[in-house]
Each structure stands twice: as C-alpha cells, then as structure tokens.
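Novice: predicted structure and sequence below. I'll ask about it afterward.
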Amino acid sequence: MVRVEDVASAIADAALGVPGVARLSPGRGVELSTPYPGGKVIGVRLAADGVTVAITVDRVPLPPIASEVTAAARRVLSAIGDDRPVTVVIDDVLPEALSRRVA
Amino acid sequence: MTSTQSKQADMSASGEHQRSGGVAQKMSGAGAAPVALQTGQGSTRIAPEVVAKIAGLAARDIPGVHSMGSGVARRIGQLRELFPGGSQAASQGVSVDVGERQAAIDLNLVTEYGQSIVDITEAVRRSVTGQVEGMTGLKVTEVNIQVDDIHVESSQDNQQSRDQ
C-alpha cells in the first residue's frame, strides 16, 4: 500500500517540474496541504473525491501550465492505479510573468 | 479492562493473512490481521494505557494538532507542566477500549485555526491506526475524534504554549 505522504510529495515534485510553476501554494483561506506524521506537503490536497494542486506561476499564458500540471499529477496517480480527478488552482502570478511578456 | 460483546463477535470475521514484521507504517485500509497475540504457548494482553500512549503520540505527530484532551484535562496538563520534570501525559485526551484482538480509540483534540479539520482528522486517524496496529498487533476497529476547541495564535499564547 502506498503512503499518503509519498503520493503527495510525488505530485508536488511533478508539479514543480513543470516549466512555469514557481512554487506550490498553500491556497487562500484554509490551508491546502496534506498533513502526515511529522510534517505536511503544502499545496497538494488528497481528498476522497479528488486531488487539488495549488500553484504560483511565473509566466503567462496560464492554460498550458494548468494542463501540464494536471497531466503531471495524473501520471503520478495513474502509476499507482488511482483515478481520482485532479484540480489545479492557479493561486498567484509572480510579477515577472507580466514583465516577461512585455519584454 | 473492558471488552465489548460486539468486538468479540467480529473477531472471528477479521482477516487471516500474515503481516510482515516490524512497525512499518500502514494505511488505515490495509487490514492488518491480528498477529500472534493468541498462540498455542500462551496469550499476550496489552493494557489500555499502552494503546492510549501510542495513540496519543501518533496523533500529536500530525501538524495542525495543537493539543489534546478536553478542557479540564488540558488545564491539569498545563499545571503539571509547571512542575520541574512534569510533562503532559502522552495519553491525555485518549480513551481506549481494548479487547483481546481489537481496540477502539476515542480522541479529544484541539486543532490549529486556519487548517482543515477534515484533513487533520483524516491524517490523525491514519497515523493512529497505523501506529497502533503496527506496534501492538491489535486491529483498530474505530478511531472517533472529537475536536474540542480550535487554537488561535495570539501573543499571550506564544509565551504559554510549548506545543509544536
């Protein structure tokens, strides 16, 4: 059986590997995280009805980043035979994203 | 030591596959079979206090759990901490019902403000089940959690609180 913290950190790593993802985000309001004994994975929430990944991006346009993060998380989940839906929340955009576009 | 009739009844229904040794973390759904607590050479009994301590420590391991115990127990625990060498009992906020092969666990806890109680309690349940089943070989039938209070960080608390 797979441990929750391993799944959550694998998804976190996969999301961080997508170009355009600056960091994972704890979300607005209630912290979006996966607690486990001794720590928590921030920005990934594994619930029974779906997986949520919250990110801060450093470039635009947003849709390709979102779909790539979804795909990356899906790859991790399907590797362990998990078919929960993935929701990606773009929580923040760094100022660089907008200046980069101008440049 | 209490053991309820219902627990005795479904003991025979529990799984038979052998667990690999060690205290490896287990998922709650992994269905640990009761291991060699009852053997041909004698039986092993585990006191409720043992299960309560393991459960208490496993629950405190989860970030977002601020402290444990109902209001009165927490006050007494804070008083105990004032004495040299005093510390809160690991089993504070835990009550258990241990049968020959199974245990049911009730927890009272205080969570941190701003964190999802659903996420915290799920993680607590998973951690407690895994640790108790791994260390004792008892099958955990249920972990009932009562969230008694929610802790809001304030400057006064910063001085008093020793948790996390």
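Specialist: The structure has been received and is ready for your questions.
Novice: next, A:Ala12: phi, psi?
Specialist: Taking degrees, to the nearest 10, you get phi -60, psi -50 for the backbone angles of A:Ala12.
Novice: could you do B:Val98 as well?
Specialist: phi -110, psi 130.
Novice: now what about the lengthiest helix in chain A, what contacts it?
Specialist: Assignment by DSSP state H gives helix A:62-79 as the longest helix of chain A. For helix A:62-79, the external contacting residues (C-beta atoms under 8 Å, 6 or more residues apart in numbering or on different chains) are A:7, A:10-11, A:14-15, A:17-21, A:51, A:53, A:55, A:57, A:59, A:83-84, A:86, A:88, A:90, A:93. (Each C-beta comes from the backbone N, C-alpha and C, glycine too.)
Novice: quick one: the strands in chain B?
Specialist: In chain B, strands defined by DSSP state E lie at B:38-39, B:42-43, B:65-68, B:94-98, B:102-112, B:139-151, listed in chain order.
Novice: returning to what we had before: selecting buried members of the contacts of helix A:62-79 in ChimeraX, what would you type?
Specialist: Typed into ChimeraX, the line below selects the buried ones among the contacts of helix A:62-79, using 16 or more other C-beta atoms under 10 Å in any protein chain shown:
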select /A:7,10,11,14,15,18,20,21,51,53,55,57,59,86,88,90
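Novice: about what we covered before: and among the strands of chain B, the most buried is which?
Specialist: The highest mean neighbour count among those, using mean count of other C-beta atoms under 10 Å in any protein chain shown, belongs to strand B:65-68: a mean of 25.
Novice: can you spell out which helices and strands pack onto that strand?
Specialist: Judged by 3 or more C-beta pairs under 8 Å, 6 or more residues apart in numbering or on different chains; DSSP states H and E, the packing partners of strand B:65-68 are helix B:48-60, helix B:71-82, strand B:102-112.
Novice: could you identify which of these has the lowest mean pLDDT?
Specialist: Among those, helix B:71-82 carries the lowest mean pLDDT, a mean of 81.
Novice: report the buried residues of that helix.
Specialist: Those would be B:73-74, B:77-78, for helix B:71-82 by 16+ other C-beta under 10 Å.
Novice: surely B:Gln102 touches B:Lys139?
Specialist: Yes. Using C-beta atoms under 8 Å, B:Gln102 is in contact with B:Lys139, at 4.7 Å.
Novice: next, count neighbours for A:Pro64.
Specialist: Close neighbours of A:Pro64, defined as other C-beta atoms under 10 Å in any protein chain shown, add up to 13.
Novice: and if you look at B:Ile117?
Specialist: Neighbours of B:Ile117 using other C-beta under 10 Å come to 15.
Novice: I figured it was touching B:Ala123, is that so?
Specialist: No. Using C-beta under 8 Å as the test, B:Ile117 is too far from B:Ala123 to be in contact (10.8 Å).
Novice: distance of the residue nearest the centre of chain B from chain A?
Specialist: Closest to where the C-alpha atoms of chain B average out (C-alpha atoms, centre = their mean) is B:Ala55, at 2.1 Å. Computed as C-beta to the nearest C-beta, to the nearest Å, the B:Ala55 to chain A distance reads 12 Å.
Novice: now do the contacts for that residue.
Specialist: With C-beta under 8 Å, 6+ apart, B:Ala55 has these contacts: B:91, B:94, B:96, B:105, B:107, B:128, B:131-132, B:143.
Novice: nearest to chain A, of those?
Specialist: Closest approach to chain A among these (C-beta to the nearest C-beta): B:Gln131, at 7.9 Å.
Novice: how many residues are close by the closest residue to that closest one other than its chain neighbours?
Specialist: Once flanking residues are discounted, B:Gln131 sits nearest to B:Ala58: 3.9 Å by C-beta to C-beta, 6 or more residues apart in numbering or on different chains. Look at B:Ala58: counted by other C-beta under 10 Å, it has 27 neighbours.
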